[in-house]
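K.L.:
fold the following and give me the result.
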Amino acid sequence: MPELEDLINEQSTAIITSLYEICKHRAEEVVLTEYETMKKRFADLQKTAEHMDLIEEKYQLKAHNFELQELKLKTENQELKEQNKILKDQVQTLKEQITALNKIINKQ
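P.N.:
Here you go, the predicted structure:
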């Protein structure tokens, strides 16, 4: 019966080898499919990250523009305040001159 045992061992080895190859092939397919899925997700995430970077740059530029506008408006406001003071001083001078002229006119 050693022949039968040898035959059984050969068949068992063949079946185990065949099952191993089938499992190995299936595992490679699963890993490859998962790898491709992960690669696509990574590419999608990279695109999203690039898009977010562009949005961030856009809003940084907008924020910088608003800061420049604010600085410009503050400067204009300060200039207008200075012009207003000059005009108030001129009005005061004119009032004083009118008062002086009225005194002169009233004396005559």
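K.L.:
would you list every one of the helices in the chain?
P.N.:
Under the criterion DSSP state H, helices of the chain are mapped to 2-107.
K.L.:
can you pull the pLDDT of the most centrally placed residue in it?
P.N.:
The centre of the chain sits closest to Glu56, judged by C-alpha atoms, centre = their mean, with a distance of 2.3 Å. Looking at Glu56, its pLDDT reads 98.
K.L.:
Gln108 now?
P.N.:
Listed pLDDT for Gln108 reads 67.
K.L.:
any weak-confidence spans in the protein?
P.N.:
Within the chain, the ranges that satisfy pLDDT under 70 run 108.
K.L.:
90 instead, please
P.N.:
1-10, 103-108 (pLDDT under 90).
K.L.:
quick revisit: now do the contacts for the residue nearest to the centre of the chain.
P.N.:
Residues near Glu56 by C-beta atoms under 8 Å, 6 or more residues apart in numbering: none. Just so you know, the C-beta spots here come from the backbone N, C-alpha and C atoms, and that holds for glycine as well.
K.L.:
distance of it from Thr48?
P.N.:
Noted for Glu56: a distance of 12 Å to Thr48, by C-beta to C-beta, to the nearest Å.
K.L.:
and if you look at Asp6?
P.N.:
Separation of Asp6 from Thr48 (C-beta to C-beta): 62 Å.
K.L.:
cool, and Glu34?
P.N.:
With C-beta to C-beta as the criterion, Glu34 and Thr48 are 21 Å apart.
K.L.:
could you do Glu96 as well?
P.N.:
71 Å.
K.L.:
equivalent analysis for Asn77, please.
P.N.:
Distance from Asn77 to Thr48, by C-beta to C-beta: 42 Å.
K.L.:
repeat that for Asn9.
P.N.:
For Asn9 relative to Thr48 (C-beta to C-beta), the value is 57 Å.
K.L.:
with that, I have no additional questions.
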